[in-house]
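*Asks:* build the 3D model from these lines:
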Amino acid sequence: MGLFGITAVFVWGLDQVTKTAAVRWLDDGASVTVVPHVFWLTLTRNAGAAFSTGTGFTILLSLVAIAVVITVLRLATRLRDRWWALGLGLLLGGALGNVTDRILREPAPLRGHVVDFLHLTHWPVFNVADVALTFAAITIILRTWRGVSMDGSR
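*Replies:* Numbering: from 1, shown residues only. Reported below is the predicted structural model:
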């Protein structure tokens, strides 16, 4: 449970700090080159889900994210495997990062736009929470594929 909690809090905090910095120091839509032709900081606000899909379903996406948070918290009581703890901690931290934007950011509660600012060549703009969600999925898939349950049994 410790690894789970520390991971979730760290990811959520890092996500919120970096989004706050991006909003404060970057202009909407303007890019700052970090690594030429590879990586930029580009501030955008996403009303939808991954790759800006579902922009008309912001309230539904918010409710689904809240349901994910509640489900992960309930599942966490069964954790006995450190890799599952890491995966679910990443999932919770990432989900909380984006749901915080949905609840607290403009234009309105449950309709808030998620702040994205990391931009790689040939890839949509994303944020720290999205990175955590991606690694959560990889970790959970690998543990499942290896036949390891959340309690560490096979």
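*Asks:* tell me which helix or strand comes right after the lowest-mean-pLDDT helix or strand in the chain.
*Replies:* Ranked by mean pLDDT, DSSP states H and E, the weakest helix or strand in the chain is helix 58-75, scoring a mean of 90. Per DSSP states H and E, the first helix or strand lying C-terminal to helix 58-75 is helix 82-104.
*Asks:* list the helices and strands that following helix packs on?
*Replies:* If contacts are counted by 3 or more C-beta pairs under 8 Å, 6 or more residues apart in numbering; DSSP states H and E, helix 82-104 sits against helix 2-25, helix 58-75, strand 114-120, helix 128-145. C-betas here are computed from N, CA, C, even on glycine.
*Asks:* dump that helix to PDB, keeping only the CA atoms.
*Replies:* Output of helix 82-104 as PDB, limited to C-alpha atoms (Å, rounded to 0.1, in the frame of the first residue of the first chain):
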ATOM      1  CA  ARG A  82       4.800  -4.400  -5.700                       C
ATOM      2  CA  TRP A  83       4.400  -4.300  -9.500                       C
ATOM      3  CA  TRP A  84       0.600  -4.200  -9.300                       C
ATOM      4  CA  ALA A  85       1.000  -1.500  -6.600                       C
ATOM      5  CA  LEU A  86       3.200   0.500  -8.900                       C
ATOM      6  CA  GLY A  87       0.800   0.000 -11.900                       C
ATOM      7  CA  LEU A  88      -2.300   1.000  -9.900                       C
ATOM      8  CA  GLY A  89      -0.500   3.900  -8.300                       C
ATOM      9  CA  LEU A  90       0.400   5.200 -11.700                       C
ATOM     10  CA  LEU A  91      -3.200   4.700 -12.800                       C
ATOM     11  CA  LEU A  92      -4.600   6.500  -9.800                       C
ATOM     12  CA  GLY A  93      -2.100   9.400 -10.100                       C
ATOM     13  CA  GLY A  94      -2.700   9.800 -13.800                       C
ATOM     14  CA  ALA A  95      -6.500   9.600 -13.500                       C
ATOM     15  CA  LEU A  96      -6.500  12.100 -10.600                       C
ATOM     16  CA  GLY A  97      -4.300  14.400 -12.500                       C
ATOM     17  CA  ASN A  98      -6.700  14.700 -15.500                       C
ATOM     18  CA  VAL A  99      -9.900  14.500 -13.400                       C
ATOM     19  CA  THR A 100      -8.500  17.400 -11.300                       C
ATOM     20  CA  ASP A 101      -8.400  19.500 -14.500                       C
ATOM     21  CA  ARG A 102     -11.900  18.300 -15.500                       C
ATOM     22  CA  ILE A 103     -13.300  19.500 -12.100                       C
ATOM     23  CA  LEU A 104     -11.300  22.600 -11.500                       C
END
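*Asks:* thanks a lot, see you next time.
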